[in-house]
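>>> okay, here's the prediction I keep looking at, along with the sequence it came from:
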Amino acid sequence: MVGLSRRSWLGGVGALSLAASWLRRSSANDKFPSRPITLIVPFPAGGTADTTFRVLATAAATHLGQPIVVENRPGASATLGAVAMLSASPDGYRIAVTHSAVLRVQLMQKTPYDALQDFTPIIQIGAFNVGMVVRQDSPFKTWSDFVAEARKRPEEVNYGTNGPATAQNLAMVQVADIEKIKLIHVPFKGDSEGIAALLGAHIDAHAGGTILGDLVDNGQARWLAVFSDERLKRWPDAPTLYDLGYDVTAASPNGLIGPKGMPEEVVQRLHDAFKLALFDPQHVAIQEKYGQSIQYRDGADFGEVIRKNFEIEREKIRRAGLLRS
């Protein structure tokens, strides 16, 4: 029997140790997920985002072989999902919906997180489209009517949104600056609250998600404008802000993030399941119903979108005079 040198023996032991370590990691990752996953949706139950992400989560769960529990955390300009990631374990069992407000809030005030450093991008899902509606009995028949009345009655005409850092509010700030009008902003925690206030005649208009289109379809409200890059297929007669002469849009990229330091294999497993769910017929149908845009990107590309969007939002906020020093 040929003897082994000490160097060869140590090398063999090292190789076996590496192999054993790799097998342990591989085995652990192969088991993911072995229990339910929590998806934090930073919006109230019943709104556009909540509804669409619940359908997405249900579809993704079938590919993961484990339930996905949706946990609503509205408030704080819809940044509580991101905040929750700071204390979550990077094991993939607690993930969150992110969107442009997470960037905007950081640019407007001190936050406990750094949106560019503290999270792991998993997948881009799409972009939130938003717009503004008034009640069917409103005297404002068109966007021009709304602006004209605001010019006649400074600081009396009001509108609701889901918070000061939302895309729709920043769009309204931009429009008000362009038109030299003074509007009253009424912030809510979500579209459900805003809709109740609108239908109760407590506010003149509400700018929010395209779940507002349900009010339009059942005759309770009408669009004054949509804030997307182009007209929405479901409501082709609703003008965009571009159509109305403003170089303003409020489409907000959204997707899923996890805590910093997640294993690549876990990120990939989540990405693959949610990518399949993204194009599931039921998810496509609910996105079309609410006039939302599906925009798939993997984690790396979504991270690049976040970085680019951070600079775009910085400029919008600077122009609105809301950039923190």
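Okay, I see it. Residues are numbered from 1 along each chain as shown.
>>> only C-alpha atoms for contact and neighbour calcs from this point on.
OK.
>>> what does the longest strand anywhere in the chain contact?
As assigned by DSSP state E, the longest strand anywhere in the chain is strand 119-128. The contact list for strand 119-128, computed with C-alpha atoms under 8 Å, 6 or more residues apart in numbering, reads 49, 85, 209, 251-262, 267-268, 270-271, 274-275, 278, 292-300, 302-303.
>>> each with direction, which strands does that strand pair with?
strand 252-259 (antiparallel), strand 293-298 (antiparallel) (DSSP bridges).
>>> of those strands, which stretch is the most buried?
Among these, ranked by average contacts under mean count of other C-alpha atoms under 10 Å, first place goes to strand 252-259 (a mean of 25).
>>> can you name the next helix or strand after that strand?
Next helix or strand after strand 252-259 toward the C-terminus (DSSP states H and E): helix 264-278.
>>> name the residues of that next one that are buried.
By 16 or more other C-alpha atoms under 10 Å, the buried positions in helix 264-278 come out as E265, V266, V267, R269, L270, H271, D272, A273, F274, K275, A277, L278.
>>> would you turn the residues you listed into JSON lines with distance to Q109 and pLDDT?
Converted to JSON lines, those look like this (distance: C-alpha to C-alpha, whole Å; pLDDT from 0 to 100):
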{"residue": "E265", "distance to Q109": "35", "pLDDT": "98"}
{"residue": "V266", "distance to Q109": "33", "pLDDT": "99"}
{"residue": "V267", "distance to Q109": "30", "pLDDT": "99"}
{"residue": "R269", "distance to Q109": "35", "pLDDT": "99"}
{"residue": "L270", "distance to Q109": "32", "pLDDT": "99"}
{"residue": "H271", "distance to Q109": "31", "pLDDT": "99"}
{"residue": "D272", "distance to Q109": "35", "pLDDT": "99"}
{"residue": "A273", "distance to Q109": "35", "pLDDT": "99"}
{"residue": "F274", "distance to Q109": "32", "pLDDT": "99"}
{"residue": "K275", "distance to Q109": "33", "pLDDT": "99"}
{"residue": "A277", "distance to Q109": "35", "pLDDT": "99"}
{"residue": "L278", "distance to Q109": "33", "pLDDT": "98"}
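>>> let me have these in CSV, extended by distance to I68.
Formatted as CSV, the buried residues of helix 264-278 follow (distance: C-alpha to C-alpha, whole Å):
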residue, distance to I68
E265, 19
V266, 15
V267, 15
R269, 14
L270, 11
H271, 14
D272, 15
A273, 12
F274, 11
K275, 15
A277, 12
L278, 15
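>>> of these, closest to I195?
Closest approach to I195 among those (C-alpha to C-alpha): L278, at 27.9 Å.
>>> measure how buried P33 is and give me the count.
19 (other C-alpha atoms under 10 Å).
>>> I37 now?
By other C-alpha under 10 Å, 19 other residues sit near I37.
>>> quick check: it vs A148, distance?
Taking C-alpha to C-alpha, to the nearest Å as the measure, I37 and A148 are separated by 50 Å.
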